[in-house]
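K.L.:
fold the following.
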Amino acid sequence: MVGLGIVNGLLEGISVGMLIPLLATLLPHSDRGAGAGVLNFLDDYAAEFDWHSRVIIIALTMLAIIVIKNVVQVGSRIFVAWIEGCAGHDIRRALADRLYATGYPFFLQENPARLIQVISADAWHASGAIRAAFSRIAGLSVVAAFSVMLVLVSWRLTLILAMGALLIRFIQAAFVKRLRRLSEATTDANWLLTGRMLFAVDAARLIRLFGTQAYENAAFAQRSGDVRRTMLISEQTNAALSPTLEVVHVILLLVIMVIAIFSGVDLPVLAAFLVLLNRLQPRLRELEIATGQLAAESAQIRQVEWLLDPAGKATPPTGLRPFIKLTKSIEFSDVSFDYGTRPGGTPALANISLSFLQGRSTALIGASGSGKSTIVNLLCRLVEPRAGMIRVDGINLSEIDPNAWLSAISIAGQDINIIEGGIADNIAYGQRDMSRAEIVEAARLADADGFIMELPEGYETNIDASGLNLSGGQRQRLAIARALARRPQILILDEATNAVDGLSEAAIMRLLRQVHASVTTIVISHRASTLALCDDGVVIANGRVIETGPLATLSTWRQMITP
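P.N.:
Residues are numbered from 1 along each chain as shown. The predicted structure follows:
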């Protein structure tokens with residue numbers, strides 16, 4: 001890019017420099033005074049031809065150079081567009097790679113609005129900033145080439161120009177500093193606005209149930225107004241940059257012209273210098289615009305760099321031991337975990353010890369916030385214990401290959417996401433090589449085949465990511481079918497039947513009895529009818545195990561669930 005810019009600038013500078021022999025030819029009485037510098041050779045070149053030939057040759061030479069210069073310029077712009085597209089694609093892919101390669105605790109700690117803002121908006125700003133950066137590189141290269149030509153025409157006038165350039169640089173630095181501050185403010189305002197957007201969508205039902213549409217609308221309008229104001233101030237500052245510098249450029253041009261006239265600089269030299277300076281002005285303005293754009297988008301660029309940087313972010317679980325089959329049990333031994341977000345530093349789990357025996361179903365019983373979901377997260381290695389150990393058949397879970405371990409686990413719950421696509425795609429998610437017969441069998445076991453066949457296109461019926469064209473019970477049965485499709489060794493049902501009717505629940509419970517011998521099942525539910533068929537139970541309160549053992553022997557569990 002630098003090479004193209006220098007070539008482009010030199011070609012344009014040489015074409016303008018040809019004005020010296022052209023004017024010397026048109027003004028034969030013009031005295032080549034001091035200041036023509038090394039470009040005197042252009043006069044010598046022109047002097048070898050007669051008057052008419054000189055005019056034609058010089059004009060054709062200027063035209064040829066300008067044509068070549070424009071070809072180079074077009075190629076340069078195409079090259080920049082190609083680089084911008086490739087770099088933008090690489091940025092988006094790198095952001096996706098970072099998100100998928102980052103451990104789950106990162107998503108528990110970070111504001112979702114910030115992540116969405118970085119991925120959806122800041123990434124595009126960074127891509128646009130690449131074009132601005134290349135424009136700046138090209139502009140600097142052209143300015144460098146023009147500076148060489150200016151020195152060759154008259155080093156004295158160039159020295160005066162350099163002194164004025166220092167003043168221009170000082171003014172520009174003040175604008176850039178302000179634009180960077182405004183960029184930070186705009187980014188912060190955008191985060192808050194994105195948060196309001198997310199809440200408007202995610203809490204649509206809550207907002208309407210409590211009749212807070214007017215309040216939320218006003219809050220949204222306030223956040224949007226904050227973004228508008230910060231962006232307007234930023235645009236005003238950016239808009240004032242070029243006119244301010246243009247006025248300074250004109251003043252500098254007039255000063256140079258007056259000094260040249262009074263110092264006796266020859267007219268062809270002065271004309272070439274002024275034309276070069278005039279041609280340099282738009283390149284300087286492009287350079288100033290690019291510099292202003294980079295300053296205005298500096299905060300967005302830093303956000304993209306922050307997300308791409310692995311430093312300080314949770315890493316995915318590791319382990320090299322292969323896992324084939326659970327033969328005995330999964331044991332939690334004095335396990336503690338703390339999300340670091342609870343008031344008073346209360347841990348989510350405090351020194352709990354419990355077991356899940358192979359081939360048996362275990363009920364996890366406790367009030368909301370007691371630690372049940374944290375146990376599931378630890379079991380699936382979404383998070384790691386702060387203290388204690390989890391053993392699988394006596395082997396530390398942290399030593400086991402996480403991919404092999406997770407391939408043996410399936411989970412169905414009220415918060416398991418529906419993916420945008422067909423019903424069959426949702427059931428086969430995570431097991432893409434399933435046949436249609438296997439998909440239908442999983443749906444039948446989850447008591448979902450009946451409602452699926454009633455849909456307009458059966459298993460090919462498209463549903464969106466929210467699953468709004470399905471009832472709550474249908475979504476849950478679909479999630480159970482997805483979990484069963486993997487033929488898991490360990491099946492986790494996390495409130496997986498709280499939205500299904502009694503008949504469907506009975507069918508699912510019959511399924512649990514059928515797979516009882518081959519699958520280790522962990523059931524979280526507030527329904528007594530769901531838990532009653534479990535073999536064992538673990539009662540949890542405030543992150544501590546209260547009771548554990550065969551469900552029939554526990555005395556407190558019925559007091560904590562819905563009859």
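K.L.:
in stretch 203-219, what's buried?
P.N.:
Going by neighbour count (16 or more other C-beta atoms under 10 Å), the buried part of stretch 203-219 is 207, 216. Backbone N, C-alpha and C define where each C-beta goes, glycine included.
K.L.:
what does that stretch contact?
P.N.:
With contact meaning C-beta atoms under 8 Å, 6 or more residues apart in numbering, stretch 203-219 is reached by 196, 199-200.
K.L.:
buried ones only from the residues you listed, please, as a PyMOL command.
P.N.:
Listed next is the PyMOL selection for buried residues among those, using 16+ other C-beta under 10 Å:
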select buried, resi 196+199
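K.L.:
and the contacts of stretch 203-219, which is closest to Arg77?
P.N.:
Arg196 (39.4 Å; C-beta to C-beta).
K.L.:
pretty sure that closest one contacts Asp226?
P.N.:
No: using C-beta atoms under 8 Å, Arg196 makes no contact with Asp226, being 10.4 Å away.
K.L.:
could you tell me the model confidence score at the residue positioned nearest the centre of the chain?
P.N.:
The centre of the chain sits closest to Ile119, judged by C-alpha atoms, centre = their mean, with a distance of 2.5 Å. Note for Ile119: predicted pLDDT of 85.
K.L.:
OK, contacts around it?
P.N.:
Counting by C-beta under 8 Å, 6+ apart, Ile119 touches 95, 99, 307.
K.L.:
from those, pick the one nearest Leu349.
P.N.:
Scanning the contacts of Ile119 for proximity to Leu349, where the rule is C-beta to C-beta, the winner is Leu99, at 27.0 Å.
K.L.:
pull the number of nearby residues for Asp494.
P.N.:
Neighbour count of Asp494, defined by other C-beta atoms under 10 Å: 20.
K.L.:
what's across from it in the sheet?
P.N.:
Beta-bridge pairing of Asp494 under DSSP bridges involves Gly413, Ile524.
K.L.:
quick one: it from Ala448, how far?
P.N.:
18 Å (C-beta to C-beta, to the nearest Å).
K.L.:
just Gly549 next, same as before
P.N.:
34 Å.
K.L.:
looking at these two, which is more packed in?
P.N.:
Under the criterion of other C-beta under 10 Å, the comparison of Gly549 against Ala448 puts Ala448 first, with 29 against 13.
K.L.:
related to what we said a few turns ago, so what does the residue nearest to the centre of the chain look like in phi/psi?
P.N.:
phi -70, psi -40 (degrees, to the nearest 10).
K.L.:
do Leu470 as well
P.N.:
Note on Leu470: backbone dihedrals following degrees, to the nearest 10 are phi -120, psi 150.
K.L.:
for it, what are its contacts?
P.N.:
418, 463, 478.
K.L.:
tell me the mean pLDDT for the helix or strand hosting the last one?
P.N.:
Spelled out, it's Leu478. Here Leu478 sits within helix 472-485, counting by DSSP states H and E. Mean pLDDT, helix 472-485: 84.
K.L.:
distance between that helix and the chain's centre?
P.N.:
Mean-position distance between helix 472-485 and its chain equals 31 Å (C-alpha atoms, centre = their mean, to the nearest Å).
K.L.:
next one, pLDDT for Arg228 please.
P.N.:
At Arg228, pLDDT is 88.
K.L.:
ah, wrong one, I meant Pro112
P.N.:
Reading off the model, Pro112 has pLDDT 84.
K.L.:
residues in contact with the residue nearest to it when sequence neighbours are not counted?
P.N.:
Closest residue to Pro112 apart from its sequence neighbours, by C-beta to C-beta, 6 or more residues apart in numbering: Leu198 at 6.4 Å. The neighbours of Leu198, taking C-beta under 8 Å, 6+ apart as the test, are 112-113, 116.
K.L.:
in what helix or strand does Leu198 lie?
P.N.:
Using DSSP H and E, Leu198 falls in helix 155-202.
K.L.:
so Ser135 touches Ile83, yeah?
P.N.:
No: Ser135 is beyond contact range of Ile83, at 11.3 Å (criterion: C-beta under 8 Å).
K.L.:
more neighbours: which of these two?
P.N.:
When neighbours are counted by other C-beta under 10 Å, Ser135 and Ile83 differ, and Ser135 comes out ahead with 21 against 15.
K.L.:
what's the closest non-adjacent residue to the more buried one?
P.N.:
Looking at Ser135 with C-beta to C-beta, 6+ apart, the closest residue is Ala290, at 4.1 Å.
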